[in-house]
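# Pasted the sequence and its predicted model underneath.
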Amino acid sequence: MNSNRNSHSPPPRTIVVTGGSKGIGRAICKAFARPGTTVYFNFLSPETTGLETARDISAAGGIPVPMCVDVASEAEVTHFFKKISDETGRVDVLVNNAGITKDSLLLRMKESDWDDVIRVNLKGTFNCTKAVARLMLKQRYGRIINISSVVGVTGNSGQANYAASKAGIIGLTKSAARELASRGVTVNAIAPGFIKTDMTAEIFEKMESDILSQIPLARVGTPEDVAGVAVFLASESADYITGQVIHVNGGMYI
Ligand code: NAD
């Protein structure tokens, strides 16, 4: 057991989840919510308000704080973490989950599709990690969990921008893990396989049998499959794990 947690991690705990209004982020917010826990979560999509996630967190006894924040904007991210720091004085766990896709084959990919995906997925993860790092170093405790993807390791046709952003997140994770370890801050990545959410709904409808044929466990993943691993990585049981990529993919990549 890590003595840092005993001396530096008093309840209530503060959890921050980016892209928490739906899908995997919503499940992560819910999984961390419990009495004494404040869950700050942000989102961007105009179609989501964060209301459902806020209800989930409250139902589990936690305190929800939803905010519309573009993780790709350094100014908005700085303001978001200043508010959290002013209100709670600490962040125990940051989950960098916000992400988008803009798929097309390489030769047809527009510069803006490349830039948008890299800005949100990779720069967004950098912005939030940088903003929280000072606070976590000061408190000598922190858990940063970055949501990468199986395609960040395998690549995928039609997803050069997305796969590059997710591979970049793995490099960022390993580098930050090395930089922050001496002050009790761990940084790990989760690489989900095919998880059923709004992001994958359309492709699942079109290619269900093809997708299932690539998954040895013969089912697609649920947001809860990913959320459970995030909770584990933030738990005392994972105190000696840093710089790792945990694959949650039903055996899609072994
Ligand atoms: P989703 O589309 O259901 O939800 C994405 C969330 O990110 C939403 O809350 C949205 O508002 C938020 N978001 C988007 N752009 C943002 C921005 N600029 N700033 C702040 N928030 C923003 O997606 P999901 O399937 O739940 O995916 C969540 C994460 O998991 C993403 O990083 C995704 O790349 C990753 N992932 C998903 C799968 C999958 O199969 N669904 C597989 C591997 C990795």
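Arrived safely, thanks for sending.
# Close to the ligand: what parts of this structure are there?
Of all the residues in the chain, those in contact range of the ligand (C-beta under 6 Å from any ligand atom) are 18-25, 42-45, 48, 69-72, 97-100, 120, 124, 147, 149, 192, 194-195, 197-200. Just so you know, the C-beta spots here come from the backbone N, C-alpha and C atoms, and that holds for glycine as well.
# Can you tell me which of those are buried?
Neighbour counting by 16 or more other C-beta atoms under 10 Å classes 18-25, 42-44, 48, 69-72, 97-100, 120, 124, 147, 149, 192, 194-195, 197, 200 among the residues of the chain next to the ligand as buried.
# What about those, which are in strands?
Using DSSP state E, the members of these that fall in strands are Asn42, Phe43, Ile147, Pro192.
# pLDDT added to the residues you listed, as CSV?
As requested, these are exported to CSV (pLDDT from 0 to 100):
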residue, pLDDT
Asn42, 98
Phe43, 97
Ile147, 99
Pro192, 98
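# phi, psi of the residue of the chain most remote from its centre?
Of all residues in the chain, the one whose C-alpha sits farthest from the chain's mean C-alpha position, using C-alpha atoms, centre = their mean, is Leu107 at 29.6 Å. Taking degrees, to the nearest 10, you get phi -70, psi -20 for the backbone angles of Leu107.
# can you check His247 too?
In terms of degrees, to the nearest 10, the main-chain angles of His247 are phi -90, psi 130.
# and it, what does it touch?
When contacts are counted by C-beta atoms under 8 Å, 6 or more residues apart in numbering, His247 is found next to Val150, Val153, Ala191, Gly193, Tyr253.
# Now, the buried ones among the residues of the chain next to the ligand that are in helices?
Gly23, Ile24, Gly25, Gly124, Thr200 (DSSP state H).
# Which of those sits closest to Ile211?
If you rank those by distance to Ile211 using C-beta to C-beta, Thr200 comes first, at 8.6 Å.
# Could you pull out the strands in the stretch 101-250 of the chain for me?
142-147, 185-192, 245-248 (DSSP state E, counting those that start in this stretch).
# Go through those strands and name the closest to Ala234.
Evaluated with C-beta to C-beta, the strands of the stretch 101-250 of the chain place strand 142-147 nearest to Ala234, the distance being 4.3 Å.
# And Ala201, how close does it get to Gly36?
Taking C-beta to C-beta, to the nearest Å as the criterion, Ala201 is separated from Gly36 by 35 Å.
# sorry, back to before: so can I have CSV of the ones in strands among the buried ones among the residues of the chain next to the ligand showing distance to Gln244?
CSV is the format used below for those (distance: C-beta to C-beta, whole Å):
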residue, distance to Gln244
Asn42, 25
Phe43, 27
Ile147, 14
Pro192, 15
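# Local confidence estimate at Val93?
Taken from the predicted model, the pLDDT recorded for Val93 is 98.
# In this structure, where is pLDDT below threshold?
1-12 (pLDDT under 70).
# residue ranges for the helices of it, please.
For the chain, applying DSSP H gives helices covering 3-8, 23-32, 51-59, 74-88, 111-117, 124-139, 151-154, 160-180, 198-213, 223-233.
# Including distance to Val65, could the ones you listed go into CSV?
Supplementary listing: the helices of the chain in CSV, determined by distance: least, C-beta to C-beta, whole Å:
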stretch, distance to Val65
helix 3-8, 22
helix 23-32, 10
helix 51-59, 8
helix 74-88, 8
helix 111-117, 27
helix 124-139, 15
helix 151-154, 30
helix 160-180, 24
helix 198-213, 23
helix 223-233, 18
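# Thank you kindly, that will do.
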